[in-house]
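In: give the three-dimensional model of this entry:
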Amino acid sequence: HHPLPGVIVGEIGPKMAMNSNDNGFLGFNHHRVPHSALLAKNSRVEVDGTYVKPPREKLGYATMVFVRAAIALDMTIHLRKAVTIATRYSVVRRQGEPGPDGKESKILDFQTQQAKIFPSLAMSSWVPHGS
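Out: Just a heads-up that it's a prediction; the model follows:
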């Protein structure tokens with residue numbers, strides 16, 4: 001199926017950790033939508049064109065803030081898993097010239113590796129308490 005000329009239909013694509021929500025958009029260019037066909041769950045447009053705000057406008061905003069905080073919290077769970085894997089690997093993986101003890105250095109001993117892992121480690125510990 002294809003939309004009529006001047007009708008734009010789209011889907012916003014993948015979202016971080018919220019792919020169960022299917023968010024799309026619909027646009028009309030030079031089309032009139034009958035008043036009876038308008039979707040008016042939260043707000044409405046009167047027959048004369050006057051926009052009427054939803055009765056509980058702040059409730060919708062609170063829901064949006066809650067969902068965004070939940071997304072941030074979900075991301076910290078994934079970040080914790082990734083940082084745990086990277087840290088454990090960095091502790092057991094050895095690389096470089098053998099030291100006085102005959103063993104190579106752990107890659108966690110390198111400053112560049114610490115610069116990559118430690119900020120994420122700190123973030124994964126802090127974010128759940130901040131949100």
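In: next, the buried residues of the helix or strand where residue 76 lies.
Out: If you go by DSSP states H and E, residue 76 is part of helix 57-92. Buried residues in helix 57-92, counted by 16 or more other C-beta atoms under 10 Å: 75-76, 79-80, 83, 86, 90. In this view, the C-beta of every residue, glycine as well, is placed from N, C-alpha and C.
In: was I right about residue 8 contacting residue 30?
Out: No: proximity of residue 8 to residue 30 does not meet the contact threshold set by C-beta atoms under 8 Å, at 11.5 Å.
In: of those two, which one has the most company?
Out: With neighbours defined as other C-beta atoms under 10 Å, residue 8 and residue 30 compare such that residue 8 has more, 10 against 7.
In: tell me the bridge partners for the more buried one.
Out: Applying DSSP bridges to residue 8 gives these bridge partners: residue 27.
In: contacting residues for it?
Out: Taking C-beta atoms under 8 Å, 6 or more residues apart in numbering as the contact definition, residue 8 lies against 25-29.
In: check what pLDDT it gets.
Out: The model reports residue 8 with a pLDDT of 92.
In: give me the below-cutoff pLDDT ranges for the protein.
Out: Within the chain, the ranges that satisfy pLDDT under 70 run 16-19, 127-131.
In: now residue 105. Nearest residue, chain neighbours left out?
Out: Take residue 105 and drop its neighbours on the chain: the residue closest to it by C-beta to C-beta, 6 or more residues apart in numbering is residue 96, 4.9 Å away.
In: ok now the helix holding residue 76, how far from the chain's centre?
Out: For helix 57-92, the distance from its own C-alpha centre to the chain's C-alpha centre is 9 Å (C-alpha atoms, centre = their mean, to the nearest Å).
In: past it, which element shows up next along the chain?
Out: The C-terminal neighbour of helix 57-92 among helices and strands, as given by DSSP H and E, is strand 94-95.
In: residue 112 should be in a helix, yeah?
Out: Yes: the assignment for residue 112 (DSSP: H, G, I helix; E, B strand; the rest coil) places it in a helix.
In: how many other residues sit next to it?
Out: A count of nearby residues for residue 112, using other C-beta under 10 Å, gives 8.
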